[in-house]
Each structure stands twice: as C-alpha cells, then as structure tokens.
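Compute the structure for the input listed below.
(one chain, ligands or ions: 2)
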Amino acid sequence: MTTILGCIADDFTGATDLAGLLARSGVPVSLRIGVPSEPPTDTAAFEVIALKVRNLPAQEAVSECRTALDWLQRAGAQRFYWKYCSTFDSTPDGNIGPVSEALMAALGIHQTVYCPAFPENGRSVFMGNLFVGREPLAESPMKDHPLTPMRDSNLMRLLEPQVTKSVGLIDRLCVARGPEAILSELTRLSEQGIAHVVIDAVAQQDLDAIATACRDMRLMTGGSALAMPLPALYKAMDAFDTTFAPNQPPEIASDGIILSGSCSAMTNAQVAQYLATGAPAYRIDPLTLAKLGPQAILDWLVAQDLEHVPLIYATAEPDAVRAAQNELGRTRAGEIVEEVLAACAIAARDAGARRIIVAGGETSGAVTKALDVDRLDIGKEIAPGVPWTFCVSNGYQLALALKSGNFGAESFFTDALSAI
Ligand SMILES: Nc1ncnc2c1ncn2[C@@H]1O[C@H](COP(=O)(O)OP(=O)(O)OP(=O)(O)O)[C@@H](O)[C@H]1O
Ligand SMILES: O=C(O)[C@@H](O)C(=O)CO
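Ligands and ions are numbered 1, 2, ... in the order given. Down below sits the predicted model:
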C-alpha cells in the first residue's frame, strides 16, 4: 500500500505512542525500528520510523532523520510528521529545531507548526507555554529529567536557539475560531517570514482544528495527539483505500520481565506500587554497577521464576540520580544503566520471558536495539499513548510495552500484565 503519512519519531516510546494513537482510527500502521536497510516493500498507509536521536549531537540526529525521510519518500509518502516529546525534551542545540529545519529544507517548504500538547496525558500549550497538568513545564518534575532537564516552559524561547529562522505563535484565541482562522493566520505569519509556528492547544478539539487546518501541509511537527486526527481527515479526502483486514494479536506466553530506566515522577510511583505487590525486584545502583559490573544483576535475573514477572529498575529520585551523575557524569551514568537493562532483556528473553515491559524512551531504545527487533505490530492500548506491541526477536514471538516515562497510571505495570 502506498504510504500516505511518513512519520519520524525521536525516541522509541514516542514512536509507539504515535503509532498507537494513529491506530486508534483503525488504519494500518507499521512501526519500523530504525531506518530499514531494505528499500520499502509491503508498506502501510501510515509508516512510523522509530529513531533514538533525542540526545544525539544535532548533526547526527539530522543525518539519521534525513535518511528516514528518504526511505519514507521512497515508500510514496507525500506528507510527513516529526514526532518529539509532549514535554518538548531538548537542549539549546536541539534536536527538535535542527531536524525540523533539515526536513523543511529537504522538502522545499518554508513553514511548519509545533504543538506538543497531549490533553489526555495532561500536556497543554497556552500562550506558547507548555503545561504538565496544572504546572508550567519548568516547575514540573521535568525540571529534574536525567538527560534533558526542562528549565523553561516557553516553547518559543526553547525553540529560538535551536533554529536559524523566525519563530511565531498562533494563540488559543485564534485556535478557538477554528481551522479557517488558523489557516489565514499561518498565511499572515508566512508573509512576515515566520517559518516556525508554535500553536496553542488545551483540548483535543483544538488539536482537531489545527490538524484540519494543516492537513495539506507537507510537514507537521508535534506530540502524538496532533497526529491522531489525521487518518480520519485523510480518509475524508479519499487519500487512501480504507479496506484492509485488521491484524489478529498473536498468543503470547505469560512469563515476563519489567525493566525500568525512567526516573520520572510517574515511573517512581509505578515502581513503588509494583514493589508493594511483593513481586521479585532488583534495584540497580549505578555507582555499584560502575564499580562491580553487571554480573550480579544477571545472576539474580537467571535465578528468578519469570512467571512472577520480576522487576529490575534503576528508577530513582532526583537526589540519587544527581549523586550518580556527579560521580560518573550524566552521559556515562545513563549509558551504563541502559547497557545493563539491554543485557537483562536478552538474558530474560533467552530464559523464556515473552512479555517485556520497558519504562523510559532511551531505555526502550537500548532494549529494542539489543533485541534486534526491526518491526513492531501495534496491539491493544494499555494507557493513553502506551500500546502493547508484538515483534519477533531471535525467532521468539514477543510482546513489548514501551512506556514513556510520564505515561500510565500508578498501577501501570499490573495494568499492562492484565491487558494482554
Ligand atoms: N539511577 C540513575 N542514575 C542516573 N541515571 C539514570 C538512573 N536510572 C536511569 N538513568 C538514566 O536516565 C535516563 C532516563 O531516560 P529514559 O528516556 O529512559 O526515561 P524517561 O526520559 O523518563 O522516558 P521518556 O523519554 O519516555 O519520557 C536513561 O538514560 C537511564 O539510563
Ligand atoms: O510524547 C511523549 O510524551 C512520549 O511519546 C515521548 O516521546 C516520551 O519519550
């Protein structure tokens, strides 16, 4: 099937989030892990390429995203979506802005929109400021993120140092007037040379209006929720054939493992709640790991009964994360944890785990790469933005749930296990 929308996601949980929200419309969605080495065949109407580029140097991120764009263009896509985090995770160097500008240049377009709002998960944008629940981004737990601490809530100020062209805003007052008002404001801003337009949205109706206004844009950028209305809009435009057979989820054995590398406030609460169930658990201390290596963790894992779905976690409160980073450096602390959780995923799979739950985007990237998975099928949504996915790793059929740090209820881990 010719691809209608080609999507590039900057991390793996972001990719499953986007694929899950697109799949809510019942359309065929294919999720590729990394840019496929083969030319496109057997493509879906909606293709999502999961990359791990959020924390790379900007030039490397740009180069990977350009390669993804080329593949999606070869799949026939005419419209594209650049998916980043609903909490706009980035640094002054990027990578949201540099990738947008590179994709715009490659597509020969002069304007795009930015909207990370995801109202179902409490992310809203008002007067260009991003809120997490009722808190401005910079006052939310995101201020302590281990890799991209967010210390400003204003999306224009966050984006400006990342791009070379001008940044503007379409505010909620305009969005509330509907798609035509949004379109004419985009045109007015374009005439003023504004290339990067942040758009307010506090509710899904706002995102529906923005998506309607922008449905013909060659490149949109944002969180997953802005993309969610696109399948229905394209169907209404007769942009693709809507007859297809839905996939049947495979039967998956119940042995499993939970690997948590996210240190978000929500993951801390989810880990605490899972520990309270009495499930077997191992806490990774990055300082001990750096000193003694991973063997003790792997030995513990192979001694477990995977029917009880053990939890291995480095999840910690901000003070403990800072202490590890002060000693090891931010990048090294992150890397050694990701490496050991990736090694645990392989060991657990080889010991019979068929349900693997991973918390954290970078962590999910490391685990999925280690499992050498190249494609995920999208299954049932466990929580908004977190579907079960299915894949084959080393000949084994696995179910993977890749949970964004902040998503899911406190009972997420038990919710996931009972949703399959
Ligand atoms: N105790 C710890 N000390 C220092 N770094 C840690 C610790 N535990 C985990 N990390 C690192 O913190 C980073 C967490 O990022 P990750 O993307 O996995 O989670 P997240 O940001 O909460 O998730 P998402 O991107 O989906 O919102 C990883 O690189 C992980 O290895
Ligand atoms: O948008 C989000 O919050 C998530 O999909 C994500 O990108 C987490 O890394």
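
Over to the one residue in the stretch 101-250 of the chain that gets nearest to ligand 1: give its phi and psi.
Going by Cβ to the nearest ligand atom, ligand 1 is nearest to Pro146 of the stretch 101-250 of the chain, at 3.6 Å. To be clear about C-beta, it is placed using only N, CA and C from the backbone, and glycine gets the same treatment. When read as degrees, to the nearest 10, the backbone of Pro146 gives phi -60, psi -30.

I'd say it and Glu317 touch.
No - using Cβ atoms under 8 Å as the test, Pro146 is too far from Glu317 to be in contact (11.3 Å).

Tell me which of the two has more neighbours.
Taking neighbours as other Cβ atoms under 10 Å, Pro146 and Glu317 compare with Pro146 leading, 23 against 11.

and the more buried one, what pLDDT?
On pLDDT, Pro146 comes in at 87.

List the contacts of it.
Neighbour list for Pro146: Cys263, Val321, Gln325, Arg330, Ala333, Gly334 [criterion: Cβ atoms under 8 Å, 6 or more residues apart in numbering].

Which one (most neighbours) among the residues you listed?
Sorting the contacts of Pro146 by how many neighbours each has (other Cβ under 10 Å) puts Cys263 first, at 28 neighbours.

check contacts around it.
Asp144, His145, Pro146, Ala314, Thr315, Ala316, Glu317, Pro318, Val321, Gly360, Gly405.

helix/strand/coil for it?
What DSSP: H, G, I helix; E, B strand; the rest coil gives for Cys263 is coil.

now Ala366
Following three-state DSSP, Ala366 is assigned to helix.

which residues in the stretch 201-350 of the chain form helices?
Along the stretch 201-350 of the chain, the stretches classed as helices by DSSP state H, counting those that start in this stretch are 204-214, 224-227, 230-236, 265-276, 286-292, 295-302, 318-328, 330-350.

Return the most buried member of those.
Among the helices of the stretch 201-350 of the chain, helix 224-227 has the highest mean neighbour count (mean count of other Cβ atoms under 10 Å), at a mean of 28.

Pipe the contacts of Pro146 into a markdown table and attach distance to Ala345 and pLDDT per row.
Below are the contacts of Pro146 laid out as a markdown table (distance: Cβ to Cβ, whole Å; pLDDT from 0 to 100):
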| residue | distance to Ala345 | pLDDT |
| --- | --- | --- |
| Cys263 | 19 | 96 |
| Val321 | 22 | 96 |
| Gln325 | 24 | 96 |
| Arg330 | 23 | 93 |
| Ala333 | 19 | 96 |
| Gly334 | 17 | 96 |
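
re the thing from before, make CSV from the helices of the stretch 201-350 of the chain and add distance to Leu259 to it.
What follows is those, written out as CSV (distance: least, Cβ to Cβ, whole Å):
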stretch, distance to Leu259
helix 204-214, 32
helix 224-227, 23
helix 230-236, 32
helix 265-276, 11
helix 286-292, 14
helix 295-302, 10
helix 318-328, 17
helix 330-350, 5
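
Let me see the contact set for the residue of the stretch 101-250 of the chain found nearest ligand 2.
Across the stretch 101-250 of the chain, no residue is closer to ligand 2 than Gly223, which sits at 4.5 Å (Cβ to the nearest ligand atom). Counting by Cβ under 8 Å, 6+ apart, Gly223 touches Asp17, Lys83, Tyr84, Cys85, Ser86, Cys115, Pro116, Ala117, Phe118, Arg123.

From these, list the ones also adjacent to ligand 2.
Contacts with ligand 2 are made by Asp17, Cys85, Ser86 out of these, judged by Cβ under 6 Å from any ligand atom.

gap between the host helix or strand of the first one and the chain center?
What it means is Asp17. Per DSSP states H and E: Asp17 is located in helix 12-23. Helix 12-23 sits 7 Å away from the centroid of its parent chain (Cα atoms, centre = their mean, to the nearest Å).

can you check stretch 319-339 too?
Taking the mean of its C-alpha atoms, stretch 319-339 sits 22 Å from the chain's own mean (Cα atoms, centre = their mean).

And stretch 80-96, by the same measure?
Taking mean C-alpha positions (Cα atoms, centre = their mean), stretch 80-96 and its chain are 10 Å apart.

Would you confirm that Ala399 belongs to a strand?
Yes - judged by three-state DSSP, Ala399 forms part of a strand.

Contacts only, for it.
Going by Cβ under 8 Å, 6+ apart, Ala399 touches Ile252, Arg354, Arg355, Ile356, Gly379, Trp388, Thr389, Phe390, Ile420.

Close to ligand 2: what parts of the protein are there?
Contact residues (Cβ under 6 Å from any ligand atom) of the chain with ligand 2: Asp11, Thr13, Gly14, Asp17, Cys85, Ser86, Thr87, Gly223, Ser224, Gly361, Gly385, Ser404.

Find me the pLDDT at the fifth one, would you?
So that's Cys85. Model confidence at Cys85, given as pLDDT, is 97.

thinking again about what came up before, between the residues of the chain next to ligand 2, which is closest to ligand 1?
Distances from ligand 1 to these, taken by Cβ to the nearest ligand atom, are shortest for Gly361, at 2.8 Å.

low-confidence ranges in the chain?
In the predicted model, the chain carries pLDDT under 70 at residues 242-247.

How is it divided into domains?
The chain breaks down into these domains under automatic domain parsing: 5-236, 256-418.

Show the end-to-end separation of the last one, please.
Taking Cα to Cα, to the nearest Å as the measure, domain 256-418 stretches 12 Å from start to finish.

now swap in the longest one and tell me
Using Cα to Cα, the end-to-end distance of domain 5-236 comes out at 15 Å.

How far off centre is it?
Put simply, domain 5-236 sits 11 Å off its chain's centre (Cα atoms, centre = their mean).

tell me which parts of the chain are close to ligand 1?
Checking the chain against ligand 1 by Cβ under 6 Å from any ligand atom, the hits are 11, 13, 145-147, 261-264, 267, 286, 314, 316, 320-321, 324-325, 333-334, 337-338, 360-363, 404-406.

mind running it again at 5 Å?
Contact residues, the chain versus ligand 1 (Cβ under 5 Å from any ligand atom): 13, 146, 261-262, 264, 286, 314, 316, 321, 324, 333-334, 337-338, 360-363, 404-405.
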